[in-house]
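K.L.:
predicted model and sequence below, questions to follow.
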Amino acid sequence: MPTPLGLPSLIFYVLPILGIVACFFFYNSVIGKKNEVDNAQGGLDAQLKQRYDLIPNLVSSVKTYMQHEAGTLEKIVELRSQVMKKNISMEDKQELNKEISKSLSGIMVQVEQYPDLKSSANFQELQRTLYEIEQNIAASRRFYNAAVTDFNNAIEMFPTNIISGFMRLKRKEVFNIPETERKNVNVQNLFDGKVS
C-alpha cells in the first residue's frame, strides 16, 4: 500500500511547479505589453502617414498664394522627406514631427492674411482633413503613451522586472509635445492679432 505524501514533500513538488507557472505568466504579460506598444506605434505611424500624404496637397494648394512663406513650405516638404526615411528612430521621428506640427501651425496662422486662399473650397477641405488627422494623431499619441507607460511599469516593477532583465528589454520614451505647446497662451496677443 503506497504511503500518502506528507506536507513537506508536497511543498517540495508544488512550489517549483508554481514558480514555473508564475514565470510563464510574467513572461507572457511582459510580451503582451511589448506587443501593445508595437501595436500603438503602428497606429500612430498610420495616422502620421496620413498627415505626410496630405502635406504635398496642402503645400501645392497654398504655394501660389503664399509667396513670402516659401521657406516655410520648403521646410515642411524637407521635414516630410526626412521623417519618411526607413529605419528612423522613434526619438528622431518625435523631433521631426514636432517641427512639422510647428510649421503647419505657422502656415495655418499665415492663411488669415490671404482671404482668397481662406475662402477656397479646396483649401477649406484640406484644412478640415488636416484638423481631423491632427485629432486622430492626438488620440493615437495618448494610446501610444498609455501602452508605453504600462510597458515601462512592467519592466521596472517586481517581479516582472526580473523576466524583463533576462529579456534585455529597455525602457521606451513616451511621445512628448513640443516645449512651445506647453507655454500658456497669451490671449491678449490673440485679440491684438499677434502670434508668438
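P.N.:
Nice, thanks for sending it over. Numbering: from 1, shown residues only.
K.L.:
check contacts around the spatially most central residue of the chain.
P.N.:
Central residue of the chain (CA atoms, centre = their mean): residue 141, 3.9 Å from the mean position. Applying CB atoms under 8 Å, 6 or more residues apart in numbering to residue 141 gives the contacts 44, 175. Where you see a C-beta, it was placed from the backbone N, CA and C, and this is true even at glycine.
K.L.:
host element of it?
P.N.:
Assigned by DSSP states H and E, residue 141 belongs to helix 121-156.
K.L.:
next secondary structure after that helix?
P.N.:
helix 160-167.
K.L.:
now do the SS call for the closest residue to residue 126 other than its chain neighbours.
P.N.:
Sequence neighbours aside, residue 58 is the residue nearest to residue 126 in space, at 5.3 Å (criterion: CB to CB, 6 or more residues apart in numbering). Each residue gets one of three states, and residue 58 gets helix by DSSP: H, G, I helix; E, B strand; the rest coil.
K.L.:
burial count for residue 58?
P.N.:
The burial count assigned to residue 58 is 20, neighbours taken as other CB atoms under 10 Å.
K.L.:
same check on residue 82?
P.N.:
15.
K.L.:
can you tell me which residues contact it?
P.N.:
Contacts of residue 82 (CB under 8 Å, 6+ apart): 88, 96.
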